[in-house]
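Q: Sequence first, then the predicted structure:
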Amino acid sequence: MATDAPPPEGGTDTSPAPSTPDRPTTVQPTTAQFVEVQESAEFGELRRTYRSFAFPLTVAFIAWYLLYVLLSNYAGGFMGTKLFGNINVALVLGLAQFATTFLIAWYYARHAARKLDPKADLIKSRMEADA
């Protein structure tokens, strides 16, 4: 759940977070603790792991999408080539856009569960223990 509240100022706020039935009262980490974790090598490794996965895949998907758009605009004859029945290249590539979107989402979820979440959970538990 996202809030619009900024982190505590000056690192002195140790008041407990609001308690709910599904989440007991906890003490929030201070601003200084957040900055310390952000500057840590462990957090840097988490960011590098995320970026080394997300950025190349994003660039590849955008290139694939732009290729489809450019082919649709400038290679009408190729895109109109019938493969079988009323199915042409444009339809197959268009459906492949949807398939690759779902494939990328699945692949990212798998990557996050294996590599990102364990590192993030370790950082989070360490921060909560220090708070």
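A: Sure, I can see it. Numbers count the residues shown, from 1 in each chain.
Q: ok, which stretches of this protein are helices?
A: 31-38, 41-74, 76-79, 89-111, 117-130 (DSSP state H).
Q: Need the winner for burial among those.
A: helix 31-38 (a mean of 14; mean count of other C-beta atoms under 10 Å). C-betas here are computed from N, CA, C, even on glycine.
Q: what mean pLDDT does that one have?
A: Averaged across helix 31-38, the pLDDT comes to 85.
Q: ditto for stretch 55-63
A: Averaged across stretch 55-63, the pLDDT comes to 96.
Q: And the contacts of it?
A: Here stretch 55-63 makes contact (C-beta atoms under 8 Å, 6 or more residues apart in numbering) with 100-101, 104, 107-108.
Q: For these, which two are the farthest from each other?
A: Maximum pairwise distance in the contacts of stretch 55-63, criterion C-beta to C-beta, is 12.2 Å, between Thr100 and Tyr108.
Q: what's the spacing between Val92 and Phe61?
A: Distance of Val92 to Phe61, computed by C-beta to C-beta, to the nearest Å: 18 Å.
Q: Just checking, which helix or strand of the protein averages the lowest pLDDT?
A: The helix or strand of the chain with the poorest confidence is helix 31-38; it has a mean of 85 (mean pLDDT, DSSP states H and E).
Q: Show me what it packs onto, helices and strands only.
A: Contact partners of helix 31-38 among helices and strands, from 3 or more C-beta pairs under 8 Å, 6 or more residues apart in numbering; DSSP states H and E: helix 117-130.
Q: neighbours around Lys115, how many?
A: Neighbourhood size, Lys115 [other C-beta atoms under 10 Å]: 15.
Q: Do I have it right that it meets Thr49?
A: Yes. Using C-beta atoms under 8 Å, Lys115 makes contact with Thr49 at a distance of 5.5 Å.
Q: List the residues that contact Gly77.
A: The contact partners of Gly77, by C-beta under 8 Å, 6+ apart, come to none.
Q: next one: stretch 64-75 to chain centre, how far?
A: 26 Å (C-alpha atoms, centre = their mean, to the nearest Å).
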